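Novice: The following block contains a protein sequence and its predicted model.
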Amino acid sequence: MFTIFGFTFREAFSRKILLVSIIIAAVFLGLFGAGVHFAVKDIVKSHNQMLASIIYPQLLLFGLYFGGFIVSFLSIISSAGLISSEIESGNIQAVITKPLSRCEIITGKFLGQGVFLASYAVVMFAAISSIIYYKTGMQFPGIWRAGLLFMLQPIVLMSVTMLASVLTSTIASGAMAFMLYSIAVVGGVVEQIGYLINNLYLKNGGIVSSLIMPVDSLYRKIVHIMMPANNPLSAIQQMGPFGASAEPSVWMVVYTLLYVPAFYLLSVYYFARKDI
Amino acid sequence: MNLAIETENLTKMYDGSVGCKEICLSVSEGQIFGLLGPNGAGKSTLVKTLVGLVRPTSGTARLLGRPLGNVEVRRKIGFLPENFGYHEWLTGRQLLEFHASLYKMDRWSRKSRIPLVLDVVGLTGSEKKKVRTYSKGMRQRIGMACALLPDPDLLFLDEPTSALDPLGRREVREIMQGLKERGKTIFLNSHLLSEVEMVCDQVAFIKGGSIIDQGSPDEMGADGAVVELHVDVVSEGLLDLIRPVARIVSSGSNTIRAAVKSREDIPELARAVVGSGGRLYRLAHEKVSLEEIFINLLKEGD
């Protein structure tokens, strides 16, 4: 298992998709940093504290949302072929016939890919938080908890994509994961609107989408941890598609923590029965 | 003699269609066993079932005395798949290191085995190059090196020479012969009948997922062979005595060429000549090539 773990981790660094993701992340962080720099400069000049209290959190939300999107993009693209591309290329044939169980192969790949994605997410989260902290001076009370949940986002997507990769082709598993991710994103926005106009159907729609793919509810939880509703401007700060009008419950986090091993176990189960 | 491979009614069905059906094989240790059959006959399915890539639908099999699916026995099994895939971003050496760690070989074994297998397959000096730069033949060689890493007691080779030039094929034959001399068992799946004929102790023909014949190439070659008899004189009476036993192909003043249906007819032929009072100086059967046997078997089944 440790051989597969180490190999998967190393392999992730050898893929072109990592280079693409690093370039995208660098461009994003550059633009984000520049945007934050000039926005803060203007706000400081205007000496408008109220404006600062509204715009600074919005800048953080924007960074976390799109930073999370890039991490999710890498997670799906790099996990879509985790098993299927190995089958398609024939690489897996010489691996499965070695003295290790199929469960060890899945576990090694899951851990190798998971550690790689979590590392990428941590770097992204640290970069976004640092830019906001150094430019605005905003304090983040639950940054460690938020960072852990940010790390969990790509792992949730990876666990689903990996199962799809066991069951279908690389293209199909990538497409399936993107669809699920889209459901989560759209569901999250629908839920936000539901809270804004107090519409139960929209709220429930968002909850259902979070049960199908809990990535977006993780994001809303991160937002609430980093920007707790402890000031009169909280409602305004949390408005818009990137905010979180209602904090997802701790049970949603528990659900997500169970969601990942459930998909891992399904991958183990189906891979053990798969004809290569 | 112990059996390296033993299957009993091994069957693999794919959504109702036959992959391989009720395969009963016994391959003794120290043999080179050849599996022959046309495309789609079930050769690869059988190999994949034996090495654990597909799960049998029914039946049982034992490899080196252990039931199919036993993980530990795989330490002693090498496998070169037909479509061997490569992690192209690795160098040849790194690929072998990876496979050695999959075999759970210790550091010392790796240090000694990797240069050895590189030498055996003729890739010494190319181990630092990326696999993506390797030619087709070199890729087949590195695949062979991976299969040889644990010094396997049982080696499955699925079309091991398809990408090799004649020299490379000869080298692979020599590797197989060398392994056999050391008591290793080789299960060879190849389209190259002449190659199989040269190295295999036993062969089996598979068609439509079922084994239709098996035995040693020499024994099988005797069935349907043409026998040449040298006698003192060929008379019409002698030919009449031979006809019930064999089909006369040609006859001269003192030679007769006759085709027998099975090797059991050869002593009958000799008896017919001697029984008629003729003097038999020489009896030799012309060996039928594996290719002819293969084609005849396929025709019989149609």
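Specialist: Ah, there it is.

Novice: hey, let's count contacts and neighbours off CA atoms from now on
Specialist: OK.

Novice: what does the stretch 51-200 of chain A have sitting close to chain B?
Specialist: Taking C-alpha under 8 Å from any C-alpha of the partner chain as the contact definition, the stretch 51-200 of chain A meets chain B at A:89-101.

Novice: again, only this time at 10 Å
Specialist: With the criterion set to C-alpha under 10 Å from any C-alpha of the partner chain, the stretch 51-200 of chain A comes near chain B through A:86-102.

Novice: Out of these, which end up buried?
Specialist: Using 16 or more other C-alpha atoms under 10 Å in any protein chain shown as the burial test, those include A:86-87, A:90-102 as buried.

Novice: what's the burial count for the residue of the stretch 151-276 of chain A at minimum distance from chain B?
Specialist: Ranked by C-alpha to the nearest C-alpha, the top residue of the stretch 151-276 of chain A for proximity to chain B is residue A:275, at 4.3 Å. Neighbour count of residue A:275, defined by other C-alpha atoms under 10 Å in any protein chain shown: 14.

Novice: For it, give me the pLDDT.
Specialist: Residue A:275 is assigned a pLDDT of 92 by the prediction.

Novice: swap in residue A:236?
Specialist: Here, the pLDDT recorded for residue A:236 equals 66.

Novice: can you give me the strands in chain A?
Specialist: For chain A, applying DSSP state E gives no strands.

Novice: now the strands for the stretch 51-200 of chain B?
Specialist: Along the stretch 51-200 of chain B, counting by DSSP state E, counting those that start in this stretch, strands occupy B:58-63, B:66-67, B:77-80, B:154-158, B:185-189.

Novice: would TSV of these with mean neighbour count and distance to residue B:25 be doable?
Specialist: As requested, the strands of the stretch 51-200 of chain B are arranged in TSV below (neighbours: other C-alpha atoms under 10 Å in any protein chain shown; distance: least, C-alpha to C-alpha, whole Å):
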stretch	mean neighbour count	distance to residue B:25
strand B:58-63	18	9
strand B:66-67	16	14
strand B:77-80	26	18
strand B:154-158	24	15
strand B:185-189	25	11
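
Novice: Look up how far residue A:57 lies from the residue in the stretch 201-302 of chain B that chain A sits nearest to.
Specialist: Per C-alpha to the nearest C-alpha, residue B:209 is where the stretch 201-302 of chain B lies closest to chain A, at 17.0 Å. Separation of residue B:209 from residue A:57 (C-alpha to C-alpha, to the nearest Å): 68 Å.

Novice: swap in residue A:33?
Specialist: From residue A:33 over to residue A:57 (counting by C-alpha to C-alpha), the distance is 14 Å.

Novice: what does residue A:114 give?
Specialist: Between residue A:114 and residue A:57 the computed distance is 30 Å (C-alpha to C-alpha).

Novice: can you tell me which residues contact the nearest residue to residue B:81 once chain neighbours are set aside?
Specialist: Distance criterion C-alpha to C-alpha, 6 or more residues apart in numbering or on different chains; nearest residue to residue B:81, sequence neighbours excluded, is residue B:158 at 5.3 Å. The neighbourhood of residue B:158, defined by C-alpha atoms under 10 Å, 6 or more residues apart in numbering or on different chains, consists of B:35, B:43-44, B:47-48, B:79-84, B:187-191.

Novice: Now the helix or strand residue B:13 falls within - C-alpha only, PDB.
Specialist: Secondary-structure element containing residue B:13, defined by DSSP states H and E: strand B:3-14. The C-alpha atoms that make up strand B:3-14 are tabulated as PDB, following Å, rounded to 0.1, in the frame of the first residue of the first chain:
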ATOM      1  CA  LEU B   3       1.800 -29.100 -10.900                       C
ATOM      2  CA  ALA B   4       2.500 -25.400 -11.400                       C
ATOM      3  CA  ILE B   5      -0.900 -24.800 -12.900                       C
ATOM      4  CA  GLU B   6      -4.000 -26.900 -12.400                       C
ATOM      5  CA  THR B   7      -7.400 -25.800 -13.600                       C
ATOM      6  CA  GLU B   8     -10.700 -27.600 -13.200                       C
ATOM      7  CA  ASN B   9     -13.700 -26.500 -15.300                       C
ATOM      8  CA  LEU B  10     -12.400 -22.900 -15.200                       C
ATOM      9  CA  THR B  11     -15.000 -20.800 -16.900                       C
ATOM     10  CA  LYS B  12     -15.400 -17.100 -17.500                       C
ATOM     11  CA  MET B  13     -18.500 -15.600 -19.000                       C
ATOM     12  CA  TYR B  14     -19.000 -12.000 -20.000                       C
END
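
Novice: Direction included, what does that strand pair up with?
Specialist: Applying DSSP bridges to the sheet, strand B:3-14 is found paired with strand B:17-28 (antiparallel), strand B:58-63 (antiparallel).

Novice: chain center to it, what's the gap?
Specialist: Per C-alpha atoms, centre = their mean, to the nearest Å, the displacement of strand B:3-14 from the mean C-alpha position of its chain is 16 Å.

Novice: Give me the helix or strand of chain A that scores worst on average pLDDT.
Specialist: helix A:234-237 (a mean of 66; mean pLDDT, DSSP states H and E).

Novice: who in the stretch 51-200 of chain B is up against chain A?
Specialist: Checking the stretch 51-200 of chain B against chain A by C-alpha under 10 Å from any C-alpha, the hits are B:51-56, B:69-90, B:98-104, B:143, B:146-147.

Novice: Lowest average confidence across helices and strands of chain B, where is it?
Specialist: helix B:217-222 (a mean of 69).

Novice: before we move on, back to that, from the contacts of residue B:158, which two are the most distant?
Specialist: B:35 and B:84 (18.7 Å; C-alpha to C-alpha).

Novice: Those two - which one has more neighbours?
Specialist: A direct count of neighbours by other C-alpha under 10 Å for residue B:35 and residue B:84 places residue B:35 higher, at 24 against 20.

Novice: Direction included, what does the helix or strand harbouring that one pair against?
Specialist: In this assignment (DSSP H and E), residue B:35 forms part of strand B:32-36. The strands that strand B:32-36 pairs with in its sheet are strand B:185-189 (parallel), strand B:202-207 (parallel) (by DSSP bridges).

Novice: Pick out the shakiest of those, pLDDT-wise.
Specialist: Of all those, strand B:202-207 has the smallest average pLDDT, which comes to a mean of 90.

Novice: Kindly export it (C-alpha atoms) in CSV.
Specialist: As requested, C-alpha coordinates have been extracted for strand B:202-207 and formatted as CSV (Å, rounded to 0.1, in the frame of the first residue of the first chain):
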residue,chain,number,x,y,z
GLN,B,202,3.3,-29.1,-24.1
VAL,B,203,0.7,-27.1,-26.1
ALA,B,204,-3.0,-26.7,-25.9
PHE,B,205,-5.3,-25.4,-28.6
ILE,B,206,-8.2,-23.2,-27.6
LYS,B,207,-11.1,-22.3,-29.8
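
Novice: returning to that earlier point: can you give me the distance of the residue nearest to residue B:81 to chain A?
Specialist: Applying C-alpha to the nearest C-alpha, to the nearest Å, one obtains 12 Å for the distance of residue B:158 from chain A.

Novice: With residue B:137 instead?
Specialist: Using C-alpha to the nearest C-alpha, residue B:137 is found at 17 Å from chain A.
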